[in-house]
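*Asks:* any chance you could fold what I've pasted below:
(4 chains)
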There are 2 protein chains.
Amino acid sequence: MTTIYDIAKRSGYSITTVSKVLNNYTNVSQKAKKSVLDAIEELGYTPNSSARTLATNKSWMIGVVFAEHLGVGIAHPFFSEVIEGFKKHIELYNYDLLFVSRDMGLKQETYKHLKHRGVDGVMVIQSEGDDSVSSIPTVYIDRPLEKPGSVYSDNRQGSKLAVEYLFELGHRKIAHIAGDTKIFSAIERAKGYKETMEKLNLSVPDEYIVNGNFFSYEGGREAMIRLLSLQDRPTAVVVAGDHMALGAIKVIKEAGLKVPDDISIIGFDDIAVAQHIDPPLTTIRQDKDLIGRQAAIMLLNKIDHKTDDPTKIIPVQLIKRESCSRV
Amino acid sequence: MTTIYDIAKRSGYSITTVSKVLNNYTNVSQKAKKSVLDAIEELGYTPNSSARTLATNKSWMIGVVFAEHLGVGIAHPFFSEVIEGFKKHIELYNYDLLFVSRDMGLKQETYKHLKHRGVDGVMVIQSEGDDSVSSIPTVYIDRPLEKPGSVYSDNRQGSKLAVEYLFELGHRKIAHIAGDTKIFSAIERAKGYKETMEKLNLSVPDEYIVNGNFFSYEGGREAMIRLLSLQDRPTAVVVAGDHMALGAIKVIKEAGLKVPDDISIIGFDDIAVAQHIDPPLTTIRQDKDLIGRQAAIMLLNKIDHKTDDPTKIIPVQLIKRESCSRV
DNA sequence: ACCAAAAAGGAAAGCGCTTTACCATTTAGG
DNA sequence: CCTAAATGGTAAAGCGCTTTCCTTTTTGGT
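*Replies:* Prediction:
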């Protein structure tokens, strides 16, 4: 390995000077700078980040921690896009992303590992409960608690848009397939649905709110089966996640009914395939890219200026496609 | 920060001894071990990985490099699952994954960065051309060249299975929508298609092979439009990627035709949504998890034993669903 | 009770880099 | 022409840990 010493020897300057040109210090002559740079070029030198980190106590790495309870990781259609947005922004500032092993079970272990790695910041996605990673600057996506340092979509507003849209289309019997009873975003969406229904003076029989399991396709299926079996069947349903919506649509088709002719369906997320299915799914789009970017901005602020930005709520958008129709 | 020195002082032993218990050396008494461990517990000590890496020249990090030319990263439905499989295996051995910035343009820069970070190994996904990252042990997914150290699906066999299946169903006019003309996997799939067609004595008019653009949904659409406009329309088409297949199916529906009644479609990849679309897509499944795992095994071998495992070709599987029917 | 061998523990060098404190030249200012 | 301030450069300490090479202690065999 070629080190700063080799460069020093080759260029005829001290290692201090070499280090200075490496770090753009001003008090080094053009001549020295050139010599050093030439030597670096000739010897094909690459600085060693561990040594640098050790000396500066700055790793230029951001740790990424996943939703452990969902069992999904990088391959999750929503999370992965958020991370993508996060990464695009954060790499402008020369940070790399470190995905730490998630099979560490205990929160404490994960935290220890992050500390071990000396990451400059942490981005936590959908990790349940209150897991202050304490000393390390952290930003949370979809965190259950309304503490500073979180970023998430305006879930209530999303449900509101959905319900109102269906209302405009003439629907009065609108059901809801909820993502879960414990996950923050799912709870918020359910609230938004209920609030808006009430505001519009629409009745919400208990059977109209049914739980899709962890936002899953299967959960969507089962929920829709329940809904179809109802005496007083809804004419439209606000589904809290696109995957569940896919499942719901499938069930409707299997029952010999049509979307949107017989039942209108509106999803949530706008995952990539939403526009490619049949019928193209009307849904509430989460701005995944922006969520990621905002999280990045927030985290960088925390790292650089120690400022604790307030929680950021990202606007959602109704994307009209073809899974909803006039009643 | 609490260091090994603090532990030494607290426990009354030397830093050497502390280090020894940390690294499970045998020549340390039970008594000493306990003292040290207690001190660690009390002081909440976490070893510093930079220091350790500096001393041992081992980082316990694997670098991940992406398909730059596709512009997609973590959010790619195929890649992300491969990485997931890779990660699951590699973290059993206590490695973490470092996603390095990909906007570095030049290959050289990426390599330098990896070297700078001191990763123990590199996993390259779909990076075009011959990019030997030289000195660092590397494993490639879907690499264009048939060098040791690559892992990919048996693309030809996949196409073969597809064509043969359609043949069994009575199809004779079978077209192909290729992924691209330059990407390795796309080329292989096209070859597999042609070979099998010939073997079955089926004619392949030039117009029967059409290029979907970079495996994209749009590319699939356009290709299918071309196919539909043909005088002698195919009754089935082997599509080199599921996304393109989605596009193709959409076009068929828009033309007032039905899948599979009028045209049978068979995809490639078996991405998560393939089973959820309408009709559920018959496709060639790539074992993404296994690809990832094999890559991990290979890389670990390279790192630990310096063995250069031969390129591994992963079997594919025909998944029969409902987008193909008897002619 | 004695000695060789094994076990336990420690001193110190070194991994590659940054940074502080300091020295030696120049250059500018009066 | 002399002093003060830049400017250019260096030595050395230190970041936290591993590892080699000793030294000291313990063990057990006779």
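
*Asks:* all the strands of chain A, in order from the start?
*Replies:* Taking DSSP state E as the criterion, chain A contains strands spanning A:61-65, A:96-99, A:121-125, A:138-141, A:150-153, A:174-178, A:209-211, A:236-239, A:264-269, A:282-286, A:312-314, A:316-319.

*Asks:* what's the closest of the ones you listed to DNA strand D?
*Replies:* strand A:61-65 (16.1 Å; CB to the nearest atom of the strand). Backbone N, C-alpha and C define where each C-beta goes, glycine included.

*Asks:* nearest residue to the middle of chain A?
*Replies:* Central residue of chain A (CA atoms, centre = their mean): residue A:82, 3.8 Å from the mean position.

*Asks:* residues contacting that residue?
*Replies:* A:125, A:141, A:288-289, A:291-292, A:295 (CB atoms under 8 Å, 6 or more residues apart in numbering or on different chains).

*Asks:* where does chain A have its least confident helix or strand?
*Replies:* helix A:107-117 (a mean of 87; mean pLDDT, DSSP states H and E).

*Asks:* get me the contact residues on chain A for DNA strand D.
*Replies:* Where chain A comes near DNA strand D, counting by CB under 7 Å from any atom of the strand, the residues are A:13-17, A:20, A:26-29, A:31-32, A:51, A:54-55, A:57.

*Asks:* intersect those with the contacts of chain B.
*Replies:* Restricting the residues of chain A next to DNA strand D to those near chain B by CB under 8 Å from any CB of the partner chain leaves A:51, A:54.

*Asks:* how about the residue nearest to the centre of chain A, nearest residue that isn't a chain neighbour?
*Replies:* residue A:292 (4.4 Å; CB to CB, 6 or more residues apart in numbering or on different chains).

*Asks:* quick check: that neighbour touching residue A:78?
*Replies:* No. The criterion here is CB atoms under 8 Å, and residue A:292 misses it with residue A:78 at 10.7 Å.

*Asks:* just to check, residue A:216 is in contact with residue A:242?
*Replies:* No. The pair residue A:216 and residue A:242 does not pass the contact test of CB under 8 Å, sitting 11.2 Å apart.

*Asks:* more neighbours, these two?
*Replies:* residue A:242 (28 against 17; other CB atoms under 10 Å in any protein chain shown).

*Asks:* list the residues that contact the more buried one.
*Replies:* A:267-271, A:273-274, A:281, A:283.

*Asks:* quick check: pLDDT value at it.
*Replies:* The score at residue A:242 is 96. That number is its pLDDT.

*Asks:* roughly how far apart are it and DNA strand C?
*Replies:* Going from residue A:242 to DNA strand C by CB to the nearest atom of the strand, to the nearest Å gives 47 Å.

*Asks:* again with residue A:188
*Replies:* Residue A:188 is 44 Å from DNA strand C, by CB to the nearest atom of the strand.

*Asks:* need the contact list for the residue lying closest to that residue once chain neighbours are set aside.
*Replies:* Among residues not flanking residue A:188 along the chain, residue A:155 sits closest, at 3.6 Å (CB to CB, 6+ apart). Applying CB under 8 Å, 6+ apart to residue A:155 gives the contacts A:185, A:188-189, A:192, A:316.

*Asks:* and if you look at residue A:245?
*Replies:* A:177, A:220, A:239, A:265-268, A:274, A:281, A:283, A:323.

*Asks:* need the winner for burial among the strands of chain A.
*Replies:* Of the strands of chain A, the one with the most neighbours on average (mean count of other CB atoms under 10 Å in any protein chain shown) is strand A:236-239, at a mean of 30.

*Asks:* neighbouring strands of it in the sheet, and parallel or not?
*Replies:* strand A:174-178 (parallel), strand A:264-269 (parallel) (DSSP bridges).

*Asks:* show me what contacts residue A:51?
*Replies:* Going by CB under 8 Å, 6+ apart, residue A:51 touches B:50, B:54.

*Asks:* flag every residue of chain A that's near DNA strand C.
*Replies:* Counting by CB under 7 Å from any atom of the strand, chain A sits next to DNA strand C at A:1, A:3-5, A:15-16, A:19-20, A:22-23, A:45, A:47-48, A:51-52, A:54-56.

*Asks:* so which of the residues you listed sit within helices?
*Replies:* A:4-5, A:15-16, A:19-20, A:22, A:51-52, A:54-56 (DSSP state H).

*Asks:* nearest to chain B, out of those residues: which one, please.
*Replies:* residue A:54 (4.5 Å; CB to the nearest CB).

*Asks:* and residue A:2, how close does it get to chain B?
*Replies:* 11 Å (CB to the nearest CB, to the nearest Å).

*Asks:* with residue A:217 instead?
*Replies:* 6 Å.

*Asks:* need the contact list for the residue nearest to that residue when sequence neighbours are not counted.
*Replies:* Excluding its sequence neighbours, the residue lying closest to residue A:217 (CB to CB, 6+ apart) is residue A:247, at 4.2 Å. The contact partners of residue A:247, by CB under 8 Å, 6+ apart, come to A:212, A:216-224, B:276.

*Asks:* one more pass at 7 Å, please.
*Replies:* A:217-221, A:224 (CB atoms under 7 Å, 6 or more residues apart in numbering or on different chains).

*Asks:* pLDDT weak spots in the stretch 101-250 of chain A?
*Replies:* Applying pLDDT under 70 to the stretch 101-250 of chain A flags residues A:101-106, A:127-134, A:145-146.

*Asks:* try it again with 80
*Replies:* Residues of the stretch 101-250 of chain A meeting the criterion pLDDT under 80: A:101-108, A:126-134, A:144-148.

*Asks:* for DNA strand C, what's the nearest residue on it?
*Replies:* Closest point on the stretch 101-250 of chain A to DNA strand C, by CB to the nearest atom of the strand, is residue A:118, at 13.0 Å.

*Asks:* surely that residue and residue A:52 touch.
*Replies:* No. If you go by CB atoms under 7 Å, residue A:118 and residue A:52 don't touch, sitting 11.5 Å apart.
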